[in-house]
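# turn this into a model:
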Amino acid sequence: MSRANETTGMDMLHGNLLNKLLLFALPLAASSILQQLFNAVDVAVVGQFASSQEQAAVGCNGPVINLLINLFVGISVGTNVAIANYIGQEHRERIKATVHTSMVTAIISGVLVLFIGLLTARPILLWMDTPAEVLGYAAVYLKIYFLGMPFIMIYNFGAAILRSMGDTKRPLYCLVLSGIINAGLNMFLVIVFHLGAAGVAIATVISNIVSAGMVWHFLAREAEPIRLSFQELKISKPELLRILQIGIPAGIQGMVFSIANVFVQTALNSLGTNAVAGSAVALNYEYITYFIIAAFNQAAVTFTSQNYGAKQYDRCKKVFWLCLLAGMLITAAMSLTLVLGRSVFASIFTPDPAVAEYAKTRMLCILTLNFICAAYEIGGAALRGIGYSMTPAFITIFGTCVVRIWWIYTVFPRFRTFETLMAVYPITWVLTGGAVLAAYFFIRRRVFSGKIRL
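Okay, here's the model as predicted:
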């Protein structure tokens, strides 16, 4: 496969790395931030024009949705790594087989999550002690939301294919258009037809159909061997195994994160309504800063995969350092701005002084140090790029998730304060970041020297 002239992708194997990493990562970060802003519109619209119970129903479903879809979204990381690696090796037929295997996997995954979600939505909400006055709305919202799961998976796997060749702009276009449609339908269905939480869910499903259709259209018009053909949709067993080898550990890591977040939320609930509300306010800003790190995570895994496939090991090392430094510096700068202006930023979401005080406390505790997350995110991405997905998953699960649950059941009961609960985040970031970086340097040295091979 010749360079980027055959596709609309980016040549990751030659030229200035920093410029290309920024061109890759910044549109991806913008996509995630836009998606988060559009998600906030769901909660805002139903809160302004429906009931507080329906607003709570929309707002409380995030952990449930993430718990059920993170495994399959993680598998899409395997698609990214596999195709990028084959691009570096110029294996045209394997690229083609992986593209079609990935989209079949997306469809099957979406249908599977659809049925699992429909069957388990209400039991999971009951297990989470969802208030009785919210339960009915939440169950309806979830059941409608899960009808869109096949389209969510098509978009995620399709976007992973585009990212594997360096294209992060077209996934951004998909999210911009679908987000505008989502916001418009929210207003129409909630204000005009008074559908409340159900209307928000319907709007979300329709917007997901639009984004999935756009990604499919882009891939169907792409140059060979990336081009997607409906007639050639089938599973190639070797490529499926390669995707799962990388993707399943990433997906399990995401699922365990979701489980740990449920435990943290339970501990947070015990501190009262103001603490919960204030934490939710601060979380909006944490998502925005984390998306910068996540974007450089994707850049690291994609650029590393291609250059590792081309045996350009020195370039792989540069990708790691540039992504780590850029992710840390940009995140730190953005976080510092938010911390310094935390009173103003908290007031955007709440006029309640007590709620705002909790929000400002969380912003100070979390945003001051959240750039440390880049250590385990970028280190883990670089390991996945050279084929080691289980190692960062295991370290992250133990160093972050297990330690957080241990903290909640041992330290927090003795010192039951909001600050004690927040302290677990930077502690686990340091532990996990140090362990992942140590593993990365050890494995990189042995792999690049030829002492061990995949």
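
# helix/strand/coil for residue 78?
When classified by DSSP: H, G, I helix; E, B strand; the rest coil, residue 78 comes out as helix.

# quick check: it touching residue 239?
No: counting by C-beta atoms under 8 Å, residue 78 stays clear of residue 239, with 9.7 Å between them. Bear in mind the C-beta positions are built from the backbone N, C-alpha and C, glycine included.

# the more surrounded of the two?
In terms of neighbours (other C-beta atoms under 10 Å), residue 78 is the more surrounded of residue 78 and residue 239; the figures are 29 against 24.

# tell me how far that one lies from residue 433.
Note on residue 78: its distance to residue 433, by C-beta to C-beta, to the nearest Å, is 24 Å.

# try residue 288
Applying C-beta to C-beta, the value for residue 288 to residue 433 is 21 Å.

# more neighbours: which of the two?
Here residue 288 and residue 433 are set side by side on neighbour count (other C-beta under 10 Å), and the busier one is residue 433, at 23 against 19.

# give me the secondary structure label for that one.
Recorded secondary structure, residue 433: helix (three-state DSSP).

# for it, which non-adjacent residue is closest in space?
Setting aside the residues directly before and after it, residue 433 is nearest to residue 375 in space (C-beta to C-beta, 6 or more residues apart in numbering), at 2.9 Å.

# what helix or strand is that neighbour on?
Element membership for residue 375, per DSSP states H and E: helix 373-385.

# that helix - contacts with which helices or strands?
For helix 373-385, the packing partners by 3 or more C-beta pairs under 8 Å, 6 or more residues apart in numbering; DSSP states H and E come out as helix 62-89, helix 273-309, helix 313-340, helix 390-396, helix 418-448.

# now tabulate those helices in TSV and tack on distance to residue 404 and mean pLDDT.
Compiled in TSV, the helices and strands packed on helix 373-385 are given as follows (distance: least, C-beta to C-beta, whole Å; pLDDT from 0 to 100):
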stretch	distance to residue 404	mean pLDDT
helix 62-89	14	80
helix 273-309	15	86
helix 313-340	20	95
helix 390-396	11	90
helix 418-448	5	93
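
# so which of those is nearest residue 15?
Between residue 15 and these, the shortest separation by C-beta to C-beta is 10.4 Å, and it involves helix 313-340.

# how far does the closest one sit from its chain's centre?
Centroid displacement of helix 313-340 relative to its chain, using C-alpha atoms, centre = their mean, to the nearest Å, is 18 Å.

# now the element after it, going C-ward?
Heading C-terminal from helix 313-340, the first helix or strand you meet, by DSSP H and E, is helix 342-349.

# mean confidence for that following helix?
Averaged over helix 342-349, pLDDT sits at 85.

# just the buried positions in it, please.
Judged by neighbour count using 16 or more other C-beta atoms under 10 Å, the buried positions of helix 342-349 are 342, 345, 346, 349.

# rewinding a little: please render the helices and strands packed on helix 373-385 as CSV that adds distance to residue 106 to the earlier fields.
As requested, the helices and strands packed on helix 373-385 are arranged in CSV below (distance: least, C-beta to C-beta, whole Å):
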stretch, distance to residue 106
helix 62-89, 8
helix 273-309, 18
helix 313-340, 27
helix 390-396, 21
helix 418-448, 28
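
# which of those helices sits closest to residue 24?
Checking those against residue 24 by C-beta to C-beta gives helix 273-309 as the closest, at 4.7 Å.

# the closest one: how far from the chain's middle?
Centroid separation between helix 273-309 and its chain, computed with C-alpha atoms, centre = their mean, is 7 Å.
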